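Enquirer: Give the three-dimensional model of this entry:
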Amino acid sequence: MDRDRIINVLNGLIEISRDGAEGFKTCAEDADDQALKLYFENRAQSCKQAVRDLSTEVRHYGGDPDTGGTVTGTLHRAWVDLKAAITSRDNLSVLEECERGEAAAVLAYENALRAELPAELRALIDLQCDGAKRNHDRVRQLRDTARHAKPT
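Expert: You can find the predicted model right below:
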């Protein structure tokens with residue numbers, strides 16, 4: 001794979017990771033449970049670290065790291081805010097939106113791993129993909145717990 005294609009793959013992951021950081025930050029602001037707030041803040045920091053690591057790799061390959069997020073990510077954060085406002089910051093709604101965002105991150109990482117990449121870069125992306133999968137699974141677990149705890 002040539003450098004430009006590698007840089008494009010990395011910048012795509014930077015976008016989705018930046019969206020994740022902002023999405024988790026929004027979820028932390030919208031959640032009304034302190035434990036959830038702390039969890040989301042921690043995940044936002046993890047996503048920010050992924051952005052830093054991926055940006056280092058983009059520069060290593062002679063590119064400029066992406067500095068924005070995706071339109072989809074911006075819309076996702078707006079949807080989290082709108083839904084939280086409508087539901088008075090209902091934890092279940094926040095978790096549902098967070099789970100949807102993490103599903104998108106997992107898909108982006110899995111797509112990136114389908115590309116032909118140098119071994120050291122593949123190892124980094126694989127590690128970050130595993131983290132996105134863990135985030136997704138944990139948020140889904142929290143969402144399911146919130147669904148069962150919600151009075152009907």
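
Enquirer: chain center to stretch 56-68, what's the gap?
Expert: In this view, stretch 56-68 has its centroid 19 Å away from the chain centroid, taken as CA atoms, centre = their mean, to the nearest Å.

Enquirer: what's the span of that stretch, first residue to last?
Expert: 16 Å (CA to CA, to the nearest Å).

Enquirer: buried ones in that stretch?
Expert: By 16 or more other CB atoms under 10 Å, the buried positions in stretch 56-68 come out as 57-58, 61, 63, 65-66. All C-beta spots, glycine's among them, are computed from the backbone N, C-alpha and C.

Enquirer: who touches Ala50 in this structure?
Expert: 13, 17, 20, 128, 131 (CB atoms under 8 Å, 6 or more residues apart in numbering).

Enquirer: For these, which two are the farthest from each other?
Expert: The distance between the two most remote of these (CB to CB) is 11.7 Å, for Leu13 and Gly131.

Enquirer: Tell me which of these two has more neighbours.
Expert: Leu13 (27 against 20; other CB atoms under 10 Å).

Enquirer: ok so, going back, which one of the contacts of Ala50 is nearest to Ala44?
Expert: Among those, and counting by CB to CB, the member closest to Ala44 is Gly20, at 7.7 Å.

Enquirer: now the closest one, nearest residue through space, not along the chain?
Expert: Nearest residue to Gly20, sequence neighbours excluded (CB to CB, 6 or more residues apart in numbering): Cys47, at 4.0 Å.

Enquirer: re the thing from before, and the buried residues of stretch 56-68, which two are furthest apart?
Expert: Going by CB to CB, the pair spanning the buried residues of stretch 56-68 furthest: Tyr61 and Asp66, at 13.2 Å.
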